[in-house]
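# Okay, predicted coordinates and the sequence, questions at the end:
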Amino acid sequence: MTAAEGLRAPTSADSRELEGRVAIVTGGARGMGLAAAHALARRGATVAVFDLAAPGASELASTLGVAADRVRSVAVDVTDGDQVHRAFAALLAERSRLDILVNAAGIAPPTAFEDISEAEWNRVLAVNVHGTFLCCQQGLPAMRGGRWGRIVNFSSTAGKTISTAGGAHYTTAKHGVLGLTRHLAKAYGPDGVTVNAVCPGLIDTPMARALLPEEALERATRSFPVPRVGQPWEVAELVAFLASDRAAYITGAAIDINGGDLIV
Ligand code: NAD
């Protein structure tokens, strides 16, 4: 490679750099999943939202600002292997490719450790870790076949330290997401597939609002180097970058996006 070639990025940030790509975003009905779906669609990708609470297709198309044939909205519980299998198979049958998988579905109950029932423990692990496992396993063969793929898993600050408001099951699950991410990055890098995790801090979504009232959110973020709550679009910009050609040399990373919370 010449020195000039080493300076040249494949595309610029404001291009429709994901034109022709097909993406799945779990948990894409609201919050950061929806923001990620929007960021991917804006760059030209066709986006399928897989969510327990899937919106109507025309409502989703209008929210994302794209034509109806560029979105799919599928009701899926990511913890159910049969549902996940059927949803991936239907999309692959229709589009014949899968390039991008964003695993944003998650739940974070704030239950104190001694009050966590076995069923609740299992559910939190199931949505955050098992769901990510099932979707990665369904998506990877198509990415491998196309010799190109991008997986972005949602971990959290909770995956690096402990959760601000979620319980021990949530912290455990988000650590697990990082282990899965790193394993897959090593296994599938030679196939052109990168696998990364984003680790958001406190982001203004329905999940965060349900856990922390306005005043508590403000108090919790006041001491951050960037002293405010994060916005879903800010995380979505990171997801879209990781899903692009420009991020081809980043894999197995767990990228903090938290207003500097972890350095103080
Ligand atoms: P949110 O609750 O606003 O949205 C989560 C979405 O996931 C919802 O649309 C919900 O219907 C869907 N979902 C939940 N269980 C599902 C299941 N079994 N199958 C399919 N879909 C399911 O959450 P958010 O704040 O946007 O969080 C997105 C991701 O980021 C989650 O993994 C969360 O743990 C993580 N996270 C959130 C924050 C934060 O401050 N909001 C911080 C760090 C990490």
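In hand now; what should we look at? Keep in mind that what you see is a predicted model, and the values were worked out from it rather than measured.
# so what's whichever residue of the stretch 101-250 of the chain sits closest to the ligand closest to, chain neighbours aside?
Scanning the stretch 101-250 of the chain for the residue nearest the ligand gives residue 106, at 2.3 Å (criterion: Cβ to the nearest ligand atom). C-beta here means a position set from N, CA and C on the backbone, and glycine is covered the same way. When the adjacent residues along the chain are set aside, residue 106 lies closest to residue 128, with 5.1 Å between them (Cβ to Cβ, 6 or more residues apart in numbering).
# The residue of the stretch 101-250 of the chain closest to the ligand falls within a strand, correct?
No. Looking at residue 106 with DSSP: H, G, I helix; E, B strand; the rest coil, it is coil, so not inside a strand.
# C-alpha coordinates for the top strand by length along the chain, PDB please?
Longest strand in the chain, counting residues (DSSP state E): strand 193-200. Extracted in PDB, the C-alpha atoms of strand 193-200 (Å, rounded to 0.1, in the frame of the first residue of the first chain):
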ATOM      1  CA  VAL A 193     -17.400  -9.800   9.500                       C
ATOM      2  CA  THR A 194     -16.700  -7.400  12.300                       C
ATOM      3  CA  VAL A 195     -18.400  -7.700  15.700                       C
ATOM      4  CA  ASN A 196     -18.300  -4.900  18.200                       C
ATOM      5  CA  ALA A 197     -20.200  -3.700  21.300                       C
ATOM      6  CA  VAL A 198     -21.300  -0.300  22.200                       C
ATOM      7  CA  CYS A 199     -21.400   0.600  25.900                       C
ATOM      8  CA  PRO A 200     -23.700   3.500  26.500                       C
END
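# does the ligand sit close to the helix or strand residue 36 falls within?
Taking DSSP states H and E as the criterion, residue 36 maps to helix 31-42. Yes. Helix 31-42 is in contact with the ligand by Cβ under 6 Å from any ligand atom, via 31-33.
# just checking, what packs against that helix?
In terms of contacts (3 or more Cβ pairs under 8 Å, 6 or more residues apart in numbering; DSSP states H and E), helix 31-42 is packed against strand 22-26, strand 46-51, helix 57-64, strand 100-103, helix 232-242.
# Out of these, indicate the one that is most buried.
Sort the helices and strands packed on helix 31-42 by mean neighbour count, taking mean count of other Cβ atoms under 10 Å, and strand 100-103 sits at the top with a mean of 30.
# how far out from the middle of the chain is it?
6 Å (Cα atoms, centre = their mean, to the nearest Å).
# Which secondary structure elements does it sit against?
Looks like strand 100-103 contacts strand 22-26, helix 31-42, helix 131-146, strand 149-154 (3+ Cβ pairs under 8 Å, 6+ apart).
# The residue of the stretch 101-250 of the chain closest to the ligand contacts residue 32, correct?
No. Checked against Cβ atoms under 8 Å, the pair residue 106 and residue 32 is beyond contact range at 9.1 Å.
# What residues does the spatially closest residue to residue 201 that is not a sequence neighbour make contact with?
Spatial nearest neighbour of residue 201, excluding adjacent residues (Cβ to Cβ, 6+ apart): residue 258 at 2.7 Å. By Cβ atoms under 8 Å, 6 or more residues apart in numbering, the contact list for residue 258 reads 157, 199-202, 224, 230.
# Which of those residues ranks first by neighbour count?
residue 200 (26 neighbours; other Cβ atoms under 10 Å).
# Give me the distance between it and residue 228.
Residue 200 is 14 Å from residue 228, where distance means Cβ to Cβ, to the nearest Å.
# Near the ligand, which residues of the stretch 151-264 of the chain? Just list them.
Close to the ligand, as judged by Cβ under 6 Å from any ligand atom, the stretch 151-264 of the chain has residues 154, 156, 200, 202-203, 205-208.
# Of those residues, select the buried ones using a ChimeraX command.
Here is the ChimeraX selection string for the buried members of these, based on 16 or more other Cβ atoms under 10 Å:
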select :154,156,200,202,203,205,207,208
